[in-house]
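>>> Just a sequence and a predicted model for now, questions to come.
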Amino acid sequence: MRAGELRRILGGRHFRRLYAVRLVSQLTDGVFQVALAGYVFFSPERQASAGQAAAAFAITLLPYSALGPFAGVFLDRWRRRQILVWAPVLRAAVVLLVAATIAVDEDGLPFFIGGLVVLGVNRFFLSALSAALPHVVRREQLVTANAFAVTSGTIIAFVGAGLGYLLRVVFGAGPRGTALILAAAAMMFLLAGALALLLPRDLLGPHDGEPSGDGTAREVLDGLVDGARHIARLRPAALALGAISFHRFLYGVVLMQTLLLCRGHFTHDAEDGLRVAAVMLGVSGIGYFAAALVTPAVVRRISKQAWITALLVGGGVCVLVLGLPFAQAAWAAASLALGVTSQGVKLCVDTILQETVEDAYRGRVFAVYDMLFNATFAASAALAASWLPTSGVSAVTVVAVAVAYVLGAIGYRAASNRVTVIADVPRTVA
């Protein structure tokens, strides 16, 4: 990441404001997700099985995955600045309702529906941020802007997770403590919405002359067909979506295995398990940060497609070598490596989509992207729970994931070599 280019990007007033919205929202995401994860997976009175953990993933992610494309059509109809203002307000209201259900020790259907809405609106919100970015930076700055904004947003989410853990220590791990953490998160979401008011109303698109139907079901479906046809014409975009969906499927297996290992192999106590899981999350965040530093420089020398291939191969090798000992330190190192793979692939995919997809379709494409991002992850977690033991120790799973990463990388590279990528010629730095 070149310092001079980053200074120019940060010099843009509108970029800074959009970036501030992202930071506050993703900081709050970390607080919210740790509160829920601690309550569902690591509460002493709630030792969820692998199947129950998979059900939690499916309930909160799969339904939104089905709704994601519909949200994308609205991204191309509604002013994205207004989405950035009102989505956090809606999330704050629902978080308060979730806090109320937990406070009265009601963790049934209303609890999961609330979690579904909060996470679903978050994906909608992040889609709007991605679709808005090309409106506040120049095309040639997209790679660096993505690397900086997306990765620092992810890292600040890890910081939020740490903050959530500290609040758990202060308020307690029980229902009352979780409810208080969620109430604090709701106030932080409102701050994110207030910051979005600093952006001009019409800055982020869609602009006059672009599709602006009234949002009926028929129009949504017609818009999705148009978006699908647009993707089909853009082979680099289609292949990029395939690559990250494949990665997310494998990553979901590894994450489910990590949660089980933290609870049943590395430790045998709920609070200790949460601490070890936090360490795994932290070292993964370091990997995300490392990917942000190296990816812009690498893709100035080789294509994004070549870098995605290298990351997938590297991820597979590290999972195999570091995963098989099933030792806590080695598994943490594997988490670091997969953090690099995850963020490096995502930065490349984000930029490929932003460079190749027309703005009139960008919201729909990014919402489909989020749908695939979530659906593959949740599906893999559910499948992994069907065979993983309670301890998480499964050499067959580690080997299968590693081999799949390498074979997937070979397939992606072979397919992308047959596609002429516009504006993606490798550049050398003078």
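Yep, that arrived. The structure displayed is predicted, hence computed values, not measured ones.
>>> Now do stretch 79-87, average pLDDT.
Confidence for stretch 79-87, expressed as mean pLDDT, is 91.
>>> So which residues make contact with it?
18, 21, 75, 121-122, 124-125, 128-129, 131-132, 193, 196-197, 199-206, 363 (C-beta atoms under 8 Å, 6 or more residues apart in numbering). Just so you know, the C-beta spots here come from the backbone N, C-alpha and C atoms, and that holds for glycine as well.
>>> Just the buried ones from those, in PyMOL syntax?
Those of the contacts of stretch 79-87 that count as buried under 16 or more other C-beta atoms under 10 Å are selected in PyMOL with:
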select buried, resi 18+21+75+121+122+124+125+128+129+131+132+193+196+199+203+204+205+206+363
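>>> Which of the contacts of stretch 79-87 fall in helices?
18, 21, 75, 121-122, 124-125, 128-129, 131-132, 193, 196, 363 (DSSP state H).
>>> Might you list the low-confidence residue ranges for the stretch 101-250 of the chain?
Along the stretch 101-250 of the chain, segments meeting pLDDT under 70 span 107-108, 207-221, 223-224, 227.
>>> And the most centrally placed residue in the chain, which helix or strand is it part of?
In the chain, the residue lying closest to the centroid (C-alpha atoms, centre = their mean) is Phe373, at 7.4 Å. For Phe373, the host element (DSSP states H and E) is helix 359-387.
>>> chain center to that helix, what's the gap?
10 Å (C-alpha atoms, centre = their mean, to the nearest Å).
>>> Return the set of buried residues in it.
Neighbour count says helix 359-387 has 360-382, 384-385 buried, by 16+ other C-beta under 10 Å.
>>> Stretch 346-358 too?
Buried, per 16+ other C-beta under 10 Å, within stretch 346-358: 346-357.
>>> Let me see the ranges of the helices in the protein.
For the chain, helices defined by DSSP H occupy the ranges 3-10, 13-41, 50-75, 80-103, 109-132, 142-171, 175-196, 217-233, 235-264, 270-299, 304-323, 328-356, 359-387, 395-416.
>>> Just list what the last one packs against, helices and strands only.
Where contact means 3 or more C-beta pairs under 8 Å, 6 or more residues apart in numbering; DSSP states H and E, helix 395-416 is packed against helix 235-264, helix 304-323.
>>> Name the surrounding residues that touch that helix.
236, 239, 242-243, 246-247, 250, 253-254, 257, 305-306, 308-310, 312-313, 315-317, 319-320, 323-324, 384, 387-388.
>>> Taking the residues you listed, please make a PyMOL selection of just the buried ones.
Selecting only the buried entries of these in PyMOL, with 16+ other C-beta under 10 Å as the criterion:
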select buried, resi 236+239+242+243+246+247+250+253+254+257+305+306+308+309+310+312+313+315+316+319+320+323+384+388
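>>> just to revisit the earlier point, among the ones in helices among the contacts of stretch 79-87, find me the one that's closest to Arg275.
Asn122 (25.6 Å; C-beta to C-beta).
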